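fold the following for me, if possible:
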Amino acid sequence: ASLRGMKQALGDRHPNVAAILGNLGNLHKEMGNYDQAYNIYQEVLGIETLHLGLTHPEVSVTLHNIATIESSRGRYGDAINLYK
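Model (predicted):
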């Protein structure tokens, strides 16, 4: 309900939507739902880079979250590239 309301009020690409999505991605990651978490983090990354650019610290946090998923999946090369 929170995400839906935020999207209706502010639009799909608003930074506040990215924050809620990030929390949802964190929850899915903790539950081991790596595919769902990965897809959510990709959406977050798109919103963040749109508003903040690629060098912003928030973008780095999202890249870190994606790298953690890749590491959990055993995709260590992909994880290392994201961490760099």
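
CA only for contacts and neighbour counts going forward, please
OK.

pick out the residue nearest the middle of this structure.
The centroid of the chain falls nearest to Tyr41 when counting by CA atoms, centre = their mean (2.2 Å).

can you tell me the element that residue falls in?
For Tyr41, the host element (DSSP states H and E) is helix 34-52.

ok, now which ones touch the residue nearest to the centre of the chain?
Leu21, Gly22, Gly25, Thr62, Asn65, Ile66 (CA atoms under 8 Å, 6 or more residues apart in numbering).

if we go to 6 Å?
When the contact criterion is CA atoms under 6 Å, 6 or more residues apart in numbering, Tyr41 has no partners at all.

just the mean pLDDT for stretch 32-40, thanks.
Confidence over stretch 32-40 (mean pLDDT, whole number) is 97.

what are the buried residues along the helix or strand of the chain with the lowest mean pLDDT?
Ranked by mean pLDDT, DSSP states H and E, the weakest helix or strand in the chain is helix 2-10, scoring a mean of 92. By neighbour count on 16 or more other CA atoms under 10 Å, the buried set for helix 2-10 is Leu3, Met6, Lys7.

just put those residues in TSV and tack on distance to Gly53.
Below are the buried residues of helix 2-10 laid out as TSV (distance: CA to CA, whole Å):
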residue	distance to Gly53
Leu3	23
Met6	22
Lys7	21
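
pick the one among those closest to Asn16.
Met6 (7.4 Å; CA to CA).

which SS state does Leu54 fall under?
coil (DSSP: H, G, I helix; E, B strand; the rest coil).

for it, give me the pLDDT.
93.

relative to Ile47, how far out is it?
11 Å (CA to CA, to the nearest Å).

kindly report the same for Leu10.
From Leu10 over to Ile47 the distance is 13 Å, taken as CA to CA.

what of Arg13?
Distance, Arg13 to Ile47, by CA to CA: 5 Å.

list the contacts of stretch 61-74.
By CA under 6 Å, 6+ apart, the list of residues contacting stretch 61-74 reads Ala79, Leu82.
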